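> Okay, structure incoming, though there's no sequence with it:
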């Protein structure tokens, strides 16, 4: 048989193709990596370096090692702020999750008025947190606020309520405002998770004779666990970083009883101009956030495997 004289083109090796794809992926991810490096990694490294130095507002910084972290333990205001922030986080997370889940279950089924209720519940989430805090500060006011007048009109109280004048009142008044502001937002997240559950699962539970409570605990909650994990992470992170609501409503009072960790960092950096101590506090808060999210996700994952 005569040869045509033309050689077959060489086949590209699979290894070369994999190398080309890796190179393309590297090139495509390079812009995002640069943005993350410039906006996160570099500032984080600078923050850690500042926390290990004596960094005055004017002058040259000097390295002091872990001395700033040790000084944090001697700061009673910071320790009180940590305890208050943890209490506020637990209270807010539990109440927000329960109320948001209840609202999501209420508007889960499509019927007359459901769209209006969803819009009404979600509407406060479109308002900025600082604006919402100012609005509720006016509502709580003894001079122009209508809440005390309304309670006196229905006979629940005999005199105007000092909403923000006591430590307990300031805390629960802020929790009420946060609940009004964020419940609708978390409701939408949980509603998305509820609507992703197949209806066949509920039909099978109904055929087995399961009631509402058994269906809720045995079907809805287990299948809603990933969405609940997202809600918990968002709520815990936002509560641990709380600042605007207390800054506007209470200013940290009365008697520094509502000072949060972030408010302490703000005071240390921009009032006392102690940048190194503020940086050390920020690193501690960052580590606490990471550990809290890891613990939450691991507990939820274990619950799903059991």
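Structure's in. What do you need? Please read these numbers as outputs of a predicted model, since none were measured by experiment.
> Give me the pLDDT value at residue 162.
Residue 162 is assigned 85 on the pLDDT scale.
> and it, helix, strand or coil?
Residue 162 carries the three-state label coil when classified by DSSP: H, G, I helix; E, B strand; the rest coil.
> Look up the closest residue to it, ignoring the ones flanking it.
In this structure, residue 162 finds its nearest non-sequential neighbour in residue 169, 6.3 Å apart by CB to CB, 6 or more residues apart in numbering. Quick note: C-beta positions are derived from backbone N, CA and C, even for glycine.
> what's near enough to touch the one you found?
By CB atoms under 8 Å, 6 or more residues apart in numbering, the contact set of residue 169 is 161-163.
> how far away is it from residue 178?
Plainly put, residue 169 is 15 Å away from residue 178 if you go by CB to CB, to the nearest Å.
> And for residue 286?
According to CB to CB, residue 286 and residue 178 sit 22 Å apart.
> what about these two, which has more around it?
Shown here are residue 286 and residue 178; by other CB atoms under 10 Å, residue 178 has more neighbours (25 against 13).
> just to revisit the earlier point, ok, so of the contacts of residue 169, who is nearest residue 126?
residue 163 (24.6 Å; CB to CB).
> and the nearest residue to that closest one once chain neighbours are set aside, what does it touch?
Distance criterion CB to CB, 6+ apart; nearest residue to residue 163, sequence neighbours excluded, is residue 140 at 4.0 Å. Residues in contact with residue 140 (CB under 8 Å, 6+ apart) are 147, 163-164, 173, 249.
> and residue 291, what helix or strand is that in?
Taking DSSP states H and E as the criterion, residue 291 maps to helix 275-305.
> again, but for residue 33
helix 14-36.
> Residues in contact with that helix: which ones?
Counting by CB under 8 Å, 6+ apart, no residue sits against helix 14-36.
> And residue 228, how far from residue 297?
According to CB to CB, residue 228 and residue 297 sit 11 Å apart.
> Show me which of the two is the more surrounded one.
Here residue 228 and residue 297 are compared on neighbour count by other CB under 10 Å; more neighbours surround residue 228, at 20 against 14.
> is it true that that one touches residue 194?
No - look at residue 228 against residue 194 with CB atoms under 8 Å: they stay out of range, at 10.8 Å.
> phi, psi of residue 54?
Main-chain torsions, residue 54, degrees, to the nearest 10: phi -100, psi 100.
> beta partners of it?
With DSSP bridges as the criterion, residue 54 is bridged to residue 62.
> if I pick it, what's in contact with it?
Counting by CB under 8 Å, 6+ apart, residue 54 touches 61-64, 67-68, 276.
> from the residues you listed, which two are the most distant?
Farthest-apart pair in the contacts of residue 54 is 61 and 67; separation 12.8 Å (CB to CB).
> low-scoring stretches of the protein, by residue?
1-18, 300, 302-306 (pLDDT under 70).
> helices or strands next to the helix or strand that the helix holding residue 33 is followed by in the packing?
Once helix 14-36 ends, the next helix or strand along the chain (criterion: DSSP H and E) is helix 42-51. Judged by 3 or more CB pairs under 8 Å, 6 or more residues apart in numbering; DSSP states H and E, the packing partners of helix 42-51 are helix 275-305.
> how much does the helix it packs on deviate in direction from helix 42-51?
120 degrees (axes from the mean of the first three to the mean of the last three CA atoms, to 10 degrees).
> Buried residues, helix 275-305. List them.
For helix 275-305, a neighbour-count test (16 or more other CB atoms under 10 Å) marks 275-285, 292-293, 296, 300 as buried.
> do stretch 230-245 as well
Across stretch 230-245, burial judged by 16+ other CB under 10 Å covers 230-236, 238-240, 242, 244-245.
> Nearest to residue 49 among those residues?
Nearest to residue 49 among the buried residues of stretch 230-245, counting by CB to CB, is residue 240 at 23.7 Å.
> looking at it, the closest one is touching residue 290, isn't it?
No - in this structure, residue 240 is not within contact of residue 290 by CB under 8 Å, at 11.0 Å.
> Return a PyMOL selection command for the buried portion of the contacts of residue 54.
Buried subset of the contacts of residue 54, written as a PyMOL selection, criterion 16+ other CB under 10 Å:
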select buried, resi 68+276
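> In TSV: the contacts of residue 54, plus distance to residue 106.
Shown next, in TSV, are the contacts of residue 54 (distance: CB to CB, whole Å):
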residue	distance to residue 106
61	56
62	59
63	58
64	56
67	54
68	49
276	50
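> Just name the closest of the contacts of residue 54 to residue 76, please.
The shortest approach to residue 76 among these belongs to residue 68, at 16.4 Å (CB to CB).
> Not counting its neighbours along the chain, what's nearest residue 79?
residue 73 (7.4 Å).
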